[in-house]
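>>> Sequence and predicted structure are below.
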Amino acid sequence: MRGMRCAACGAAALEERHGAFVFEWPQGASVSASTFDDATWLVCSECDEEELPPELVARIEAERYRLDGLLSPEALKEVRARVGLSQRDMAKLLGVGEKTYTRWELGLSTQTKSMDNLVRLADQHPAILLEIEARRRPDRDREVRDYVADLPATKAAAAHALAAHGGALDDNQAETLRTRLLELAGREAHTR
């Protein structure tokens, strides 16, 4: 590796180093430094500039997410997959721009702790965010009135409708009803 040019000073003096790399975090971080064992990086023997390969940068970034208590870009993708949403729909659910959310998943920018909390909430209790979004809609009262008005017509055909009129609702029926309401909430969120 010796003889490669330094991006900082232009000297052909980059030397490869192996071992424990110590990364100094910016002031205000939860720790002052982190050590990354078995690392490889370049150092300019003229100006002491360090050039870090992508593998080491990725390790440093992973540690930053861990220290900040934030979901990594990979974890964000996994949550979104579990919830079953596209990047566009996840962004809309969280109330951020699609490009902003995409940057989080690509690791080009980092979500705030409050947004991280919402992503975790969406992962653990997806219905809550859908319910909140549904309550924001100005036509919600009309939809509820229409649903109640349609109950007599569906009462004979659907055991779920009986629950609205004091009938028994077993666990399977309750889960079916919950799933259908979530589908309706999701479909309505897509049409707005």
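That came through fine.
>>> and the helix or strand in which residue 16 is found, average pLDDT?
Residue 16 belongs to strand 14-24 when assigned by DSSP states H and E. For strand 14-24, the per-residue pLDDT values average out at 95.
>>> Which strands or helices does that strand pack on?
strand 33-44, helix 54-68 (3 or more C-beta pairs under 8 Å, 6 or more residues apart in numbering; DSSP states H and E). The C-beta positions use only the backbone N, C-alpha and C, and glycine is treated the same way.
>>> Recalculate using a threshold of 6 Å.
strand 33-44 (3 or more C-beta pairs under 6 Å, 6 or more residues apart in numbering; DSSP states H and E).
>>> Once you drop chain neighbours, what's closest to residue 134?
residue 185 (4.9 Å; C-beta to C-beta, 6 or more residues apart in numbering).
>>> Check residue 128 too.
residue 121 (6.3 Å).
>>> That neighbour: neighbour count?
Applying other C-beta atoms under 10 Å, we find 14 residues neighbouring residue 121.
>>> Need the three-state assignment for it.
Three-state call for residue 121 (DSSP: H, G, I helix; E, B strand; the rest coil): helix.
>>> Which positions within stretch 22-29 qualify as buried?
residue 23 (16 or more other C-beta atoms under 10 Å).
>>> Just the CA coordinates for that stretch, please, in PDB.
Coordinates of each C-alpha in stretch 22-29 appear next as PDB, following Å, rounded to 0.1, in the frame of the first residue of the first chain:
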ATOM      1  CA  VAL A  22      -9.400   4.000  18.300                       C
ATOM      2  CA  PHE A  23     -12.200   6.300  17.100                       C
ATOM      3  CA  GLU A  24     -12.600   9.500  19.000                       C
ATOM      4  CA  TRP A  25     -16.300  10.500  19.100                       C
ATOM      5  CA  PRO A  26     -17.400  14.200  18.800                       C
ATOM      6  CA  GLN A  27     -17.800  16.100  22.000                       C
ATOM      7  CA  GLY A  28     -21.200  15.400  23.600                       C
ATOM      8  CA  ALA A  29     -21.300  11.800  22.700                       C
END
